[in-house]
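K.L.:
Make a model of this:
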Amino acid sequence: MSTVELKLSRFNRVYRPSEPLEGKILVKSASSISHYGIRLTVNGSVNLQVRGGSAGVIESFYGVVRPITIVNKSLEIKPSGKIASGTIEIPFSIILRKPGEDNLEKFYETFHGSNISIQYLLTVDITRGYLHKSLSATMEFIIETDKADIFEQQISPEMVIFYITQDTQRHPLLPVLKSGGFRVTGRISTLCSLLDPISGELTVEVSAVPISSIDIHLLREESILLGDKIVTETSLIQTTQASDGDVCRNVTLPIHVVLPRLLTCPTVLAGPFSVEFKVLIVITFQSESSKLHSKSDPTAPRMWTAVETLPLELIRTK
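P.N.:
Presented below is the predicted three-dimensional model:
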């Protein structure tokens, strides 16, 4: 039995568009095999899909939108010939973007979302003719912003001051909260490097009801242009708990949220699509009603929760 696999030069598989994509093709075979050529293909694309939950009947009918091609290159590594038995290593090197080369699209960073996926794939094909099954293997590699396009200097996190009271809520609250009141103040970074955590602090100044927990939700907002309409879906990426149980009043609590790599990317505002992010601060108060309801959607406004939503811009820095 013969097999083929790809092995990239970097264990983390992270490359920049101007850097060569290097590695080895490993062919394992108990006997020598004839072939009609060994070819490598690099394909990068933005895959867009409109789901029924975020669109109407007409939009759902369209389903998958035509992918946006970023890069599509093919390179012959070896012409027709024979491969000896055993394990054979065939080195390769592909330049993704040559200086001054015109590209179909900008090299967006790798991203895996609900409706938008930016993916780069490397495929090797060994053609063996009609009597033998061709050998093929595919590997995903990760693209990050080119050095020429990223910020030269470290940015200072842009801190935004926020306050949460019964007057800032757009949904009904528990009667005791409306009468007794509560006030939470703080600050949080809304311009952040992907290499740094989201930082900040908050203080519970007043609360007529004991607090059950304080959570920081990281949300992504994916928008797709479908005809003359923009379809947007917001989904939860991760939740970080800032406190569990009631907290002392007028004591500063730190906010520290580490960003997940493949679920985040630099904020993208392209023509046919966009990827943006938000931070949701949710304060849950102790209530008998909260115990009777499912916590499947922690971002849904409830009578026993107070919510503050802030935009978050992510950028790539050195």
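
K.L.:
Give me the below-cutoff pLDDT ranges for the stretch 101-250 of the chain.
P.N.:
101-105, 148-157 (pLDDT under 70).

K.L.:
ranges for the strands of it?
P.N.:
111-112, 116-126, 135-143, 158-165, 182-193, 198-207, 211-226, 229-244 (DSSP state E, counting those that start in this stretch).

K.L.:
Including distance to Lys318 and mean neighbour count, could those strands go into a markdown table?
P.N.:
C-beta: built from backbone N, CA, C; applies to glycine. Below are the strands of the stretch 101-250 of the chain laid out as a markdown table (distance: least, C-beta to C-beta, whole Å; neighbours: other C-beta atoms under 10 Å):
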| stretch | distance to Lys318 | mean neighbour count |
| --- | --- | --- |
| strand 111-112 | 20 | 18 |
| strand 116-126 | 21 | 20 |
| strand 135-143 | 16 | 17 |
| strand 158-165 | 18 | 15 |
| strand 182-193 | 9 | 20 |
| strand 198-207 | 19 | 19 |
| strand 211-226 | 23 | 19 |
| strand 229-244 | 24 | 15 |
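
K.L.:
Bridging across strands, which residues link to Pro91?
P.N.:
In this entry, Pro91 is beta-bridged to Lys24, by DSSP bridges.

K.L.:
Tell me, what's the model's pLDDT at it?
P.N.:
Reported pLDDT at Pro91 in the predicted model: 96.

K.L.:
Please apply the same query to Ile83.
P.N.:
91.

K.L.:
who are the neighbours in contact with it?
P.N.:
Val27, Ser29, Ser32, Ile33, His35, Ile126 (C-beta atoms under 8 Å, 6 or more residues apart in numbering).

K.L.:
so which of the strands of the stretch 101-250 of the chain comes closest to Lys98?
P.N.:
Of all the strands of the stretch 101-250 of the chain, strand 135-143 sits nearest to Lys98, with 15.6 Å by C-beta to C-beta.

K.L.:
on that earlier part again, the contacts of Ile83: which two are farthest apart?
P.N.:
Ser32 and Ile126 (13.0 Å).

K.L.:
so Ala12 is in which element?
P.N.:
Let me fix one detail, which is that residue 12 is Asn and not Ala. According to DSSP states H and E, Asn12 maps onto no helix or strand at all.

K.L.:
nearest spatial neighbour of it, skipping sequence neighbours?
P.N.:
Spatial nearest neighbour of Asn12, chain neighbours left out: Ile142 (7.4 Å); criterion: C-beta to C-beta, 6 or more residues apart in numbering.

K.L.:
so how far is Pro266 from the one you found?
P.N.:
14 Å (C-beta to C-beta, to the nearest Å).

K.L.:
Same question for Phe141.
P.N.:
For Phe141, the distance to Pro266 - C-beta to C-beta - is 18 Å.

K.L.:
so how many other residues sit close to Leu262?
P.N.:
Residues lying near Leu262 (other C-beta atoms under 10 Å) number 11.

K.L.:
which residues touch it?
P.N.:
Contacts of Leu262 by C-beta under 8 Å, 6+ apart are Thr110, Phe111, His112, Ile142.

K.L.:
again, 10 Å this time
P.N.:
Glu109, Thr110, Phe111, His112, Gly113, Ile142 (C-beta atoms under 10 Å, 6 or more residues apart in numbering).

K.L.:
pretty sure it is in a strand, no?
P.N.:
No - assigned with DSSP: H, G, I helix; E, B strand; the rest coil, Leu262 falls outside any strand and is coil.

K.L.:
quick one: it and Asp146, what's the gap?
P.N.:
In terms of C-beta to C-beta, Leu262 sits 19 Å off from Asp146.

K.L.:
Please apply the same query to Thr185.
P.N.:
Thr185 is 40 Å from Asp146, by C-beta to C-beta.

K.L.:
Fine by me, thanks again.
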